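Chemist: everything below, folded, please.
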Amino acid sequence: MDLVKVVQDRCVERAHANTLVSCSRFQASMSPLGDADISRELSSAIPPDPDPDELHPGRDATTVLAGVECCFSACCDSGIPAGMRFFRSPTGGIAMLNPRLISASPTGDKTVATPGPKSRLVHWGYGLKCTTIFLAITLVLLTITSAEDKKPEPPKITSVEPVTLVPGFTGILKLRGFQLKTTQQFQFTDAPNIKVEVKDKKDPKDIPGMEKKDIGDSQVEIQLTVPADQPATSLTFTVQTEAGPTPPVKIDVLSAFTDEKEPNNGFREAQAIQIGQPVRGNINQDKDVDVFRFTAKAGEEYHCEVTAARALSLMDAALVLYDAKGAMLAQADDTKDLRDPIMDFTIPQDGQYFVAVTDAHDHGGEWHSYELLLQTKP
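Modeler: As a prediction, the model looks like this:
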């Protein structure tokens, strides 16, 4: 194995090429052996240089690690801990410099690296044995760091569509998350009477403004048949994948509800809703607004909330209350502990009022379903 080539490749993988520092001239000052912690560990295996040719200020040092010059690049900084900076001596040995207080400054198209007053040359080595020891240690550290960086996400569900079920539902429950393309089984832990079948497993579509590392890079669709007599309750399900089970997820079954119907994007098209009955809705596209109307009397107190993020919708919901003239009376976004809005208000006078549901970032689409509940306060 060409260890020099491997180290070089690993460094290039960890940073853009333009972060590699060119240091054809290395300004260095020699001082007695220091940093004994590192030196003691390696000195017994490192033969002394028979003809030390010290790197004086300005001495040419262009042969550093076959092109990974001075390892002052950002790529190696993340993989090699303090105390491990390598360069070749003019006689072919390897030197390791304590990097503390080393500064690098550009000089034309080159970079001059100047050790600070506490920097010390730790040890000279010579020949293949020394080179192999140093590069092997570096390779191990880079491999461990690289493995940690590339460690896959554990099985997890990040989004559910729809966020609620109803008695008699027959259709597709879509799940988005990590490792879901290896789904082996879907199971309700407390509703064995619901028929389930794993259907399509695939890569999900990109969602503008969101990254797959946050919302999941895989998707599975589950065919469900919910009995018509399924009681209203909260059910729990898990997905078994090749990498193990996902954390359990809860989903509500609603017995009495209203489905949101388009168009309801403004006051004139506002959809009438019943106080105390949940509304199952969806922000279908970017900048979509769902407007609902209700009649109330002066002095009545109401509680209004949206369940979205709590039910693993990707929607970041927001609420606004308007009077009959279109004047805004109240609004709500995230609460202290939730991304879902909760809005309590008192009706100022008899009349018609409007509640508007939006996504706070104007996003919308198939993963943006919600449940709206407007009810009088006890």
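Chemist: neighbouring strands of the host helix or strand of Tyr302 in the sheet, and parallel or not?
Modeler: Element membership for Tyr302 (DSSP states H and E) is strand 301-307. Note on strand 301-307: by DSSP bridges, its sheet partners are strand 342-346 (antiparallel), strand 369-376 (antiparallel).
Chemist: what lies in contact with the first one?
Modeler: Read it as strand 342-346. Contacts with strand 342-346, where a contact means Cβ atoms under 8 Å, 6 or more residues apart in numbering, come from 299-305, 319, 321, 329-332, 335, 377. Glycine gets a C-beta too; all of them are placed from N, C-alpha and C.
Chemist: got a quick PyMOL command for the buried subset of those residues?
Modeler: To isolate the buried ones among these in PyMOL, judged by 16 or more other Cβ atoms under 10 Å, type:
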select buried, resi 302+304+305+319+321+332
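Chemist: quick check: the farthest pair among the contacts of strand 342-346?
Modeler: Using Cβ to Cβ, those span at most 25.3 Å, a distance reached by Gly299 and Thr335.
Chemist: just to revisit the earlier point, which one of the strands paired with strand 301-307 lies nearest to Lys213?
Modeler: strand 369-376 (22.7 Å).
Chemist: okay, and the beta partners of Asn282?
Modeler: Beta-bridge partners of Asn282, counted by DSSP bridges, are Ser369.
Chemist: and the pLDDT at it?
Modeler: If you check Asn282, the pLDDT there is 98.
Chemist: please apply the same query to Ser218.
Modeler: Model confidence at Ser218, given as pLDDT, is 98.
Chemist: any stretches of the stretch 101-250 of the chain with poor pLDDT?
Modeler: In the predicted model, the stretch 101-250 of the chain carries pLDDT under 70 at residues 101-150.
Chemist: all strands of it, in order?
Modeler: Counting by DSSP state E, counting those that start in this stretch, one finds strands in the stretch 101-250 of the chain at the ranges 103-107, 110-114, 121-124, 156-161, 164-165, 170-178, 183-188, 195-202, 218-225, 233-241, 244-245, 249-253.
Chemist: reformat those strands as CSV; add mean neighbour count and distance to Asn264.
Modeler: Formatted as CSV, those follow (neighbours: other Cβ atoms under 10 Å; distance: least, Cβ to Cβ, whole Å):
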stretch, mean neighbour count, distance to Asn264
strand 103-107, 11, 60
strand 110-114, 17, 62
strand 121-124, 22, 72
strand 156-161, 21, 20
strand 164-165, 20, 18
strand 170-178, 19, 22
strand 183-188, 16, 32
strand 195-202, 13, 31
strand 218-225, 19, 27
strand 233-241, 17, 28
strand 244-245, 12, 39
strand 249-253, 17, 23
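Chemist: determine which of these approaches Gly365 most closely.
Modeler: Among the strands of the stretch 101-250 of the chain, the nearest to Gly365 by Cβ to Cβ is strand 156-161 (9.5 Å).
Chemist: please name every helix or strand in contact with the closest one.
Modeler: Applying 3 or more Cβ pairs under 8 Å, 6 or more residues apart in numbering; DSSP states H and E, we find strand 156-161 packed against strand 170-178, helix 212-215, strand 249-253.
Chemist: now these in a markdown table, with distance to Asp288?
Modeler: Shown next, in a markdown table, are the helices and strands packed on strand 156-161 (distance: least, Cβ to Cβ, whole Å):
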| stretch | distance to Asp288 |
| --- | --- |
| strand 170-178 | 19 |
| helix 212-215 | 19 |
| strand 249-253 | 23 |
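Chemist: indicate which one of those is closest to Asn282.
Modeler: When these are compared by Cβ to Cβ, strand 170-178 sits nearest Asn282, at 12.3 Å.
Chemist: mind saving the C-alpha coords of that closest one as CSV?
Modeler: Written as CSV, here are the backbone C-alpha positions of strand 170-178 (Å, rounded to 0.1, in the frame of the first residue of the first chain):
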residue,chain,number,x,y,z
THR,A,170,-58.3,2.8,2.9
GLY,A,171,-55.2,4.3,1.3
ILE,A,172,-51.5,5.0,1.5
LEU,A,173,-49.7,6.2,4.6
LYS,A,174,-46.4,7.7,3.5
LEU,A,175,-43.3,7.8,5.7
ARG,A,176,-40.1,9.7,5.1
GLY,A,177,-36.9,9.3,7.1
PHE,A,178,-33.6,7.4,7.2
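Chemist: so which residues make contact with it?
Modeler: Strand 170-178 is touched from outside by 152-162, 165, 199, 204, 215-226, 239, 246, 366-367, with contacts defined as Cβ under 8 Å, 6+ apart.
Chemist: stretch 218-235: end-to-end distance?
Modeler: One end of stretch 218-235 to the other measures 23 Å (Cα to Cα, to the nearest Å).
Chemist: swap that for stretch 245-263, sorry
Modeler: Terminal residues of stretch 245-263 lie 40 Å apart, using Cα to Cα.
Chemist: excluding its backbone neighbours, what's nearest Glu366?
Modeler: Glu161 (5.9 Å; Cβ to Cβ, 6 or more residues apart in numbering).
Chemist: so who does that neighbour touch?
Modeler: Contacts for Glu161 (Cβ under 8 Å, 6+ apart) come out as Leu173, Lys174, Leu175, Arg176, Ser313, Glu366, Trp367, Ser369.
Chemist: with Ala243 instead?
Modeler: Pro152, Pro154, Pro155, Gln179, Thr182.
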